[in-house]
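**Q** kindly return the folded structure for what I paste below:
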Amino acid sequence: MKTTTKKVIMTTMMLLMAVMLWAQGNPVHFTVSQKQVSDTEIDVIFKGKIAAGWHVYAPNIPADGPIPATITTEKSEGVKAVGKLKAQGKEIKEYDQIFGMQLRYFENNVTFVQRYKITGKTYNVKGYLEYGACNDTGCMPPTSVEFAYKGNGPADAPEATEETTADEAAADTAAAVAQVPADTAAVDTAAIGGDSNLWKPVIDKLQAYQEGGTTSHSLWYILMMGFVGGLLAVLMPCIWPIIPMTVSFFLKRNKDKAKGIRDAVTYGVSIIVIYVLLGFLITLISGGNGLNSLSTNAVFNIIIFLVLVVFAVSFFGWFELELPSKWTNSVDNKASATSGLVSIFLMAFTLVLVSFSCTAPIIGLLLAEFSTSGNIAAPAVGMLGFSVALALPFTLFAMFPAWLKSAPKSGSWMNTLKVTLGFVELAFSLKFLSVADLAYGWHILDRETFLALWIAIFFLLGLYLIGKLKFQSDVMMGESKPMPVPCVMMGLVSFAFAIYMVPGLWGAPCKAVGAFAPPVNTQDFNLNTNEIKPKYTSYEEGMAAAAAQGKPVMIDFTGFGCVNCRKMEAAVWTDPRVADKLNNDYILISLYVDDKQPLAQPIEVTVNGQKRTLRTVGDKWSYLQQSKFGALAQPYYVTLDADGNPLSRPFSYKEDIDDYLHFLQEGLDNYKSKDSKAE
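**A** Numbering: from 1, shown residues only. Here you go, the predicted structure:
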């Protein structure tokens, strides 16, 4: 294996697989206990474990912010709350520009403690802790943890009496302690909404939309994307020269030409098997839910950004990526020592290792795209397309060896292609950095900065393609001739693309890069000032209006304290095309899961075998989201007809205007299709 002046030993797969997320479920788990601190005092203690990437907000956050931790005492006989709810743990303080306030929250673990003073011979205290939890992609609805304790107080204390809410509020503050009617009405789901059809679960129908035409279309796209990547890999300097040598080896190895062709075909199939197994390995290690959440995970995107930058500069010729030579030598020796199918498979594995310097940057970029596509099968399908394209020339040249004479020889054109891919990888790396920048709110890569970098990158690419910019690898190849006409033409295309993006610096839409660039609202100069306001904030009223007006419904499960909801509204809803559809084509219903307005009467329901009390309007909408749609986090968008049936796949936090438009259009098309069939 050729020795280079600088070896950078990295395995792309290890970097990609090291940052996989937790399986979805309840990200926060609390245990409740009672502690007697003296003869006249008890503590109610809530110990919480918080999943990685999530955080729980502290008590006493200013109004109009996220959901703080609060405690509500429903029943207090012989006890009285002392002071406010206290938090123990490592508190993190961060200024949030969306809410314009200092936020405080906890990660990994937190303990909340509420102290009560015993005022009677016996005591009976009952209530619940309510908290809010968020991560980079969404927020859970306000979640409650109930408690109920009885015990004995001092012998000389008076008989226990029940404290009133007014007395508790005066002693502690209304935010710390509140009281609601203790009796609840046990009703079924249909009784909550009045119309049982509107509350009927549609989880299976939503899954059918997710597994239907949209998914299959994306898999075809992923397959073709992988195939194109494989073709580019074939044309790299470390692959193309190996093809004639390998084919000749198989044909000379077997005097029988037919057997030589069979061995070459087996060699190609082995390449396919290796890369498809790699795709399956990515999925198995991360799990399907892990892949679905990678697209907006900040840490994952930062690592991908750094990896792609390293790959790009390696393509520029700064250094060469290599695996340890002993890996290749070991596999090569085993291939020589064995025979039959095993030896052919090991030879294919040797090719994979030897070609690492050229294929790793392409595979790394492809796997990053596949893993963030939201489709469980994407890595395996993408690697299938890649490996088929990579194995195809070996098989075809083995079947038709005469074609080798007319195949283009390796030369400087390969280096030109390699450097061009370096520019493309550098541009795509900024897409992943943008996701992390938006998640953490750094504002180091706002839209105008992103576009300025892309303009510079594609302008330099244009200079390279017309021969005005040279790299060390070009000098080593002795490149001094004028660039060929195809390169010059591609250079003009690159210049034109750079010029096309220039108006975007002042707020122009630049739709061709809309899926890659940060949202327009991150730009200092923004012409899009559209504001969308929901027509209804009641599910029943909105559905009735949809039936009367003959329009589909778009339900927005949101929250007053949902940071990512505000981001979606600022980044996606302000797009004129989105605003037009929401205002004119849909009945928009926004349901706030943290609405504290009390219900006329608390409702007791059963969720996953456990009883839950719905006390507020927000509780009701949270229960609707969970029971009907099988989801909890916000923001969450779903399109329905007037009967409560879904019209398209659901949509969650993703600042992608084009994808959101596709989601809305899919709902409209299906609604019109159902309407025409009904007629």
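
**Q** next one: residue 433 from residue 424, what distance?
**A** Using C-beta to C-beta, to the nearest Å, residue 433 is found at 16 Å from residue 424. Just so you know, the C-beta spots here come from the backbone N, C-alpha and C atoms, and that holds for glycine as well.

**Q** more crowded one of the two?
**A** Set side by side, residue 433 and residue 424 show more neighbours around residue 433, with 22 against 19, by other C-beta atoms under 10 Å.

**Q** give the contact list for the closest residue to that one other than its chain neighbours.
**A** Leaving out its chain neighbours, the residue that sits closest to residue 433 by C-beta to C-beta, 6 or more residues apart in numbering is residue 305, at 4.2 Å. Counting by C-beta atoms under 8 Å, 6 or more residues apart in numbering, residue 305 touches 429-430, 432-433, 436.

**Q** one more pass at 7 Å, please.
**A** Going by C-beta atoms under 7 Å, 6 or more residues apart in numbering, residue 305 touches 429, 432-433.

**Q** secondary structure class for residue 60?
**A** coil (DSSP: H, G, I helix; E, B strand; the rest coil).

**Q** wait, doesn't it sit right on residue 69?
**A** No: under the criterion of C-beta atoms under 7 Å, residue 60 makes no contact with residue 69, lying 8.7 Å away.

**Q** more neighbours: which of these two?
**A** Remark: of residue 60 and residue 69, residue 69 carries more neighbours, 24 against 15, as counted by other C-beta under 10 Å.

**Q** any idea how far residue 28 is from the more buried one?
**A** As judged by C-beta to C-beta, residue 69 and residue 28 stand 11 Å apart.

**Q** need the residues touching each of these two.
**A** In contact with both residue 69 and residue 28: residue 56, using C-beta under 7 Å, 6+ apart.

**Q** please report how far the residue nearest to residue 433 lies from residue 469.
**A** Using C-beta to C-beta, which is the criterion applied here, residue 305 is 24 Å from residue 469.

**Q** same thing with residue 132?
**A** Remark: distance between residue 132 and residue 469 (C-beta to C-beta) = 52 Å.

**Q** can you report phi and psi for the nearest residue to residue 451 once chain neighbours are set aside?
**A** Excluding its sequence neighbours, the residue lying closest to residue 451 (C-beta to C-beta, 6+ apart) is residue 504, at 4.7 Å. Backbone torsions of residue 504, given as degrees, to the nearest 10, read phi -60, psi -20.

**Q** any idea of the pLDDT on residue 504?
**A** Looking at residue 504, its pLDDT is 85.

**Q** which ones among the contacts of residue 305 lie within helices?
**A** The helices, defined by DSSP state H, take in 429, 432-433 from those.

**Q** which element is the residue nearest to residue 433 on?
**A** helix 298-315 (DSSP states H and E).

**Q** what do you get for residue 124?
**A** strand 122-131.

**Q** who does residue 128 bridge with?
**A** residue 72, residue 146 (DSSP bridges).

**Q** make residue 1 into 30 and carry on from there
**A** In the new numbering, first residue 30, that becomes residue 157.

**Q** and it, what does it touch?
**A** 101, 173-176.

**Q** mind checking how far it is from residue 71?
**A** Distance from residue 157 to residue 71, by C-beta to C-beta: 17 Å.

**Q** so where's the stretch 580-708 of the chain uncertain?
**A** Across the stretch 580-708 of the chain, the ranges flagged by pLDDT under 70 are 636-639, 704-708.

**Q** quick one: the helices in it?
**A** Per DSSP state H, counting those that start in this stretch, the stretch 580-708 of the chain carries helices over the ranges 592-600, 605-609, 646-658, 686-707.

**Q** dump these into JSON lines; add mean neighbour count and distance to residue 117 as well.
**A** As requested, these are exported to JSON lines (neighbours: other C-beta atoms under 10 Å; distance: least, C-beta to C-beta, whole Å):
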{"stretch": "helix 592-600", "mean neighbour count": "22", "distance to residue 117": "25"}
{"stretch": "helix 605-609", "mean neighbour count": "15", "distance to residue 117": "44"}
{"stretch": "helix 646-658", "mean neighbour count": "22", "distance to residue 117": "27"}
{"stretch": "helix 686-707", "mean neighbour count": "16", "distance to residue 117": "41"}
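
**Q** for residue 669, find the nearest of these.
**A** Checking the helices of the stretch 580-708 of the chain against residue 669 by C-beta to C-beta gives helix 686-707 as the closest, at 8.3 Å.

**Q** now the angle from the closest one to helix 592-600?
**A** Interaxial angle, helix 686-707 versus helix 592-600 (axes from the mean of the first three to the mean of the last three C-alpha atoms, to 10 degrees): 90 degrees.

**Q** how far does helix 686-707 sit from the chain's center?
**A** 24 Å (C-alpha atoms, centre = their mean, to the nearest Å).

**Q** same deal with stretch 453-461?
**A** When C-alpha coordinates are averaged (C-alpha atoms, centre = their mean), stretch 453-461 and its chain have centres 18 Å apart.

**Q** show residues contacting it.
**A** By C-beta under 7 Å, 6+ apart, the residues outside stretch 453-461 that reach it are 330, 333-334, 337-338, 340-341, 344, 390, 394, 397, 474, 479, 482-483, 486, 545.

**Q** quick one, which of those are buried?
**A** 330, 333-334, 337-338, 340-341, 344, 390, 394, 397, 474, 479, 483, 486, 545 (16 or more other C-beta atoms under 10 Å).

**Q** nearest to residue 289 among the residues you listed?
**A** Looking across the buried ones among the contacts of stretch 453-461 and measuring by C-beta to C-beta, the closest to residue 289 is residue 390, at 32.8 Å.

**Q** ok, so what distance separates residue 597 from residue 662?
**A** The gap separating residue 597 from residue 662 is 13 Å, by C-beta to C-beta.

**Q** shaky segments in the stretch 380-529 of the chain?
**A** In the stretch 380-529 of the chain the weaker segments, taking pLDDT under 70 as the threshold, are 383-387, 389-390, 393-394, 396-405, 430-431, 433-434, 436-440, 467-470, 504-509.

**Q** kindly recompute the last result at 50.
**A** Judged against pLDDT under 50, the stretch 380-529 of the chain has no low-scoring part.

**Q** which residues touch the residue nearest to residue 485 when sequence neighbours are not counted?
**A** Distances taken as C-beta to C-beta, 6+ apart put residue 527 closest to residue 485, at 8.0 Å, once the chain neighbours are dropped. Counting by C-beta under 7 Å, 6+ apart, residue 527 makes contact with 484, 487-488, 491.

**Q** rewinding a little: ok now the helix or strand following the strand holding residue 153, how far from the chain's centre?
**A** The C-terminal neighbour of strand 151-160 among helices and strands, as given by DSSP H and E, is strand 162-163. Strand 162-163 sits 16 Å away from the centroid of its parent chain (C-alpha atoms, centre = their mean).

**Q** residue 408: which of the contacts of residue 334 is nearest?
**A** After measuring these against residue 408 - C-beta to C-beta - the closest member comes out as residue 461, at 16.5 Å.

**Q** the closest one: how many residues sit nearby?
**A** 25.
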